[in-house]
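Student: Got a sequence here, can you model it:
(chains A, B, C and D)
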There are 2 protein chains.
Amino acid sequence: MIRVVLADDEDLIRGALAALLELEPDISVVAQASDGAAAVVAVGVHQPDIAVLDLEMPKVDGIAAAAEIGAGTAVVIVTRHARPGVLRRALAAGVRGFVPKTTPAARLAAILRDVHAGARYVDSEIAASALTEDACPLTARELEVLRHTRAGGSVLDIATAVHLAHGTVRNYLSSAMTKLDVTSRHDAARLAWEEGWI
Amino acid sequence: MIRVVLADDEDLIRGALAALLELEPDISVVAQASDGAAAVVAVGVHQPDIAVLDLEMPKVDGIAAAAEIGAGTAVVIVTRHARPGVLRRALAAGVRGFVPKTTPAARLAAILRDVHAGARYVDSEIAASALTEDACPLTARELEVLRHTRAGGSVLDIATAVHLAHGTVRNYLSSAMTKLDVTSRHDAARLAWEEGWI
DNA sequence: TCCCCGGCGTGACAAATGTCAGGACTACCA
DNA sequence: TGGTAGTCCTGACATTTGTCACGCCGGGGA
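Tutor: Below is the predicted model:
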């Protein structure tokens, strides 16, 4: 019997996934959680074989929760937002499975069985993208100002934080925007985040 | 037996919801669709009692699909994005049920039975918000320029589209931003959209 | 050695953006 | 009738933002 802890902030989805998994004779959902912090606690209490975590959760997201969960429990991340960079972050956090929500529901149980048997599972589509897709085209400085941009500050705020002239900051932002083919630094910062570069 | 067509663009979620509903002895999922257009077609073919549609779908969103579905099939909208304004739009499109994804999974079947029996279902939390929450604070002109802003055009584009001076457009945007307590027109447009005002 | 290339850094410039004060018009109330 | 409130509309102004041309420096080739 594979014991599973399931975490997703949307009750309806979480309950539906639980129903799906409970259909399998060899899988049992022993606890559910509605955010990352509760998931970590639940894993500590129940010591399940596998923790299935939604990536997008309040308080602590799935990857952060995965980093806090010890090696005794394999973590499988489920996400609607599957980008190569996110996959890299997830793998770096020790995640054993990475399942986009575009995966057919019928396959989830098989994935959990494979992971329980010691295998890793990574969606082949995303893995291929992660390998073929050219690496991040941005320089270290450009990434740095984009990181600060995502925090919401104005150009002047960023300039003081990075100890640069505001003109320089604008230049990096402009360069990044050109490379990413967008027209505002907010778009650039969002895109870089979605790609997992910052 | 309640015959249901289920539409959601995420295979995993759609499959899980199907599993959840199939657990009920009196509910049967007769077809599934992964976008709004396909959902409309599936409803035409299968003539189900109820169509359960995710709001966020490519091509045709759930509300647009609901508007195209005739009175023979009751439409229940499921959404992660439950705001009073969205609820209003949904009801205006003739939707019979409005279920946020925060609803406990165990309640979904009961809701479908109620709807099938002729009742309407609206999440009480959102309904209360829709009644208590002050109405949209923006004027017609402000909403109009925000609509155009969301399309992505610059201030000048909007001005020509609305036949106004660019200064006037900026003024409306500024006024809207003040009322909504944000610092950029894009934020204002996004917020207004999320509230269902545009 | 010289030269070129790429990243780093800066300031000047132009365009876009947001804010302000105020005029014109209508609706409503005293 | 006058006054008041609200919306519509405009132009002037300051700030923010994005683009450009340029200089500096270190690492390879020719």
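Student: How about the contacts made by A:Pro104?
Tutor: The neighbours of A:Pro104, taking CB atoms under 8 Å, 6 or more residues apart in numbering or on different chains as the test, are B:11-12, B:15. All C-beta atoms are positioned from the backbone trio N, CA, C, and that covers glycine.
Student: Please repeat the previous calculation with a cut-off of 6 Å.
Tutor: Neighbouring residues of A:Pro104 by CB atoms under 6 Å, 6 or more residues apart in numbering or on different chains: B:Asp11.
Student: Now tell me which helix or strand of chain A has the poorest mean pLDDT.
Tutor: Ranked by mean pLDDT, DSSP states H and E, the weakest helix or strand in chain A is helix A:124-132, scoring a mean of 83.
Student: who touches it?
Tutor: Outside helix A:124-132, the residues touching it (CB under 6 Å, 6+ apart) are A:82, A:84, A:87.
Student: Got the phi and psi for the closest residue to the first one other than its chain neighbours?
Tutor: Yep, that's A:Ala82 we're talking about. Sequence neighbours aside, A:Pro100 is the residue nearest to A:Ala82 in space, at 3.7 Å (criterion: CB to CB, 6 or more residues apart in numbering or on different chains). Main-chain torsions, A:Pro100, degrees, to the nearest 10: phi -70, psi 150.
Student: For burial, what's the neighbour tally of A:Pro100?
Tutor: 21 (other CB atoms under 10 Å in any protein chain shown).
Student: Check it and give its pLDDT.
Tutor: A:Pro100 is assigned 95 on the pLDDT scale.
Student: That one touches A:Val122, doesn't it?
Tutor: No: using CB atoms under 6 Å, A:Pro100 makes no contact with A:Val122, being 10.1 Å away.
Student: got any ranges where chain A has weak pLDDT?
Tutor: The model of chain A has pLDDT under 70 over residues A:133-135.
Student: can you tell me the residue of it closest to DNA strand C?
Tutor: A:Gly167 (2.5 Å; CB to the nearest atom of the strand).
Student: So that residue: helix, strand or coil?
Tutor: At A:Gly167 the chain is in helix, as set by DSSP: H, G, I helix; E, B strand; the rest coil.
Student: so what's it up against?
Tutor: Going by CB under 6 Å, 6+ apart, the list of residues near A:Gly167 is empty.
Student: just checking, A:Glu24 is part of a strand?
Tutor: No: the assignment for A:Glu24 is coil, going by three-state DSSP, so no strand is present there.
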